[in-house]
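Colleague: Here is my input; please provide its structure:
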Amino acid sequence: MSIEKDKISKNKGFIGKITYMIEEEKFEEKTKLLLIDLINNAERRIKEGKYDDAVARLYRAFELIAQIKLLELGLIDEIRLKDNKIFAILLEKLKEKTSNDIVEKYKEYQKPDDTNNGVIKIALKKDYELLSDLKEELGNVYKELEDKKSKISKLLKNRNNSILAHGLEPVEKQTAEELFEEVKKYSKILIPNIEEKLKQAEFPKI
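Modeller: Purely as a prediction, here's the structure:
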């Protein structure tokens, strides 16, 4: 079998896995496969010179890494994830994992519509802050680097100023490449063998 035929076969197998996970409602496995696909697609956009597109995908990948970890910890409402594609944190589950002080800290972000449902919905930075409060490695790494005014903060800010987010600034190649490396660094904490998985899911060149 040629190298390209082998890649096509592996890619078809990867797509088949995603389909199976969706049908079986295996949320953790499915979201990890979607993360791998996001990272691969972002790398492809960088090679094509589509840096704004790449950074938009990498931002979502960085956010998804934290959300997948919260899902692994049993904190995400799987019904809302299935029906509405929303990562909502169940407060009752959070109470089982941590102190009342931390629970009250995040209840401040609860919107009126979510009060009756007993959930909260928080964004990227708060996801990582919560993981840090839960003493999880992903959160600890993020907090440690954030305290040192890390590269990731600057890169995410550049994304927010991009034309595909909230601003009008075009994204430069260096920003996209640096964010790509940072996302891979965090993804390896979540999925230690992600390099192997990325190769398996790589889109073949025809």
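Colleague: check contacts around Lys126.
Modeller: Shown in contact with Lys126 (C-beta atoms under 8 Å, 6 or more residues apart in numbering): Tyr106, Tyr109. Heads up, the C-betas are built off the backbone N, CA and C, glycines and all.
Colleague: What strand or helix carries it?
Modeller: Element membership for Lys126, per DSSP states H and E: helix 124-133.
Colleague: Please save the CA atoms from that helix in CSV.
Modeller: Taking C-alpha atoms only, helix 124-133 is exported to CSV below (Å, rounded to 0.1, in the frame of the first residue of the first chain):
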residue,chain,number,x,y,z
LEU,A,124,-12.1,29.8,28.4
LYS,A,125,-10.1,31.5,31.1
LYS,A,126,-12.5,30.6,33.9
ASP,A,127,-12.5,26.9,32.7
TYR,A,128,-8.7,26.9,33.3
GLU,A,129,-9.1,28.8,36.5
LEU,A,130,-11.6,26.2,37.8
LEU,A,131,-9.2,23.4,36.8
SER,A,132,-6.5,25.1,38.8
ASP,A,133,-8.8,25.4,41.8
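Colleague: What separation is there between the residue minimising distance to the centre of the chain and Ile194?
Modeller: Central residue of the chain (C-alpha atoms, centre = their mean): Leu64, 1.7 Å from the mean position. Distance, Leu64 to Ile194, by C-beta to C-beta, to the nearest Å: 13 Å.
Colleague: how about the helix holding Lys126: buried residues?
Modeller: Leu124, Lys126, Asp127, Tyr128, Glu129, Leu130, Leu131, Ser132, Asp133 (16 or more other C-beta atoms under 10 Å).
Colleague: From what I see, the fourth one and Glu136 are in contact.
Modeller: Translated: Tyr128. No: using C-beta atoms under 8 Å, Tyr128 makes no contact with Glu136, being 9.2 Å away.
Colleague: my guess is the residue nearest to the centre of the chain meets Leu34, correct?
Modeller: Yes: in this structure, Leu64 is within contact of Leu34 by C-beta under 8 Å, at 7.2 Å.
Colleague: tell me the strands in the protein, going along the chain?
Modeller: Listed in chain order, the strands of the chain (DSSP state E) span 89-90, 119-120.
Colleague: and the last one, what does it pack onto?
Modeller: In this case it means strand 119-120. strand 89-90 (3 or more C-beta pairs under 8 Å, 6 or more residues apart in numbering; DSSP states H and E).
Colleague: what mean pLDDT does the strand it packs on have?
Modeller: If you average the pLDDT over strand 89-90, you get 97.
Colleague: now stretch 134-153
Modeller: 82.
Colleague: Can you tell me how far the nearest residue to Lys111 once chain neighbours are set aside is from Leu190?
Modeller: Of all residues not flanking Lys111 in the chain, Lys121 sits nearest, at 7.1 Å (C-beta to C-beta, 6 or more residues apart in numbering). Distance, Lys121 to Leu190, using C-beta to C-beta: 21 Å.
Colleague: Could you do Leu34 as well?
Modeller: Shown here: Leu34 relative to Leu190, a distance of 13 Å by C-beta to C-beta.
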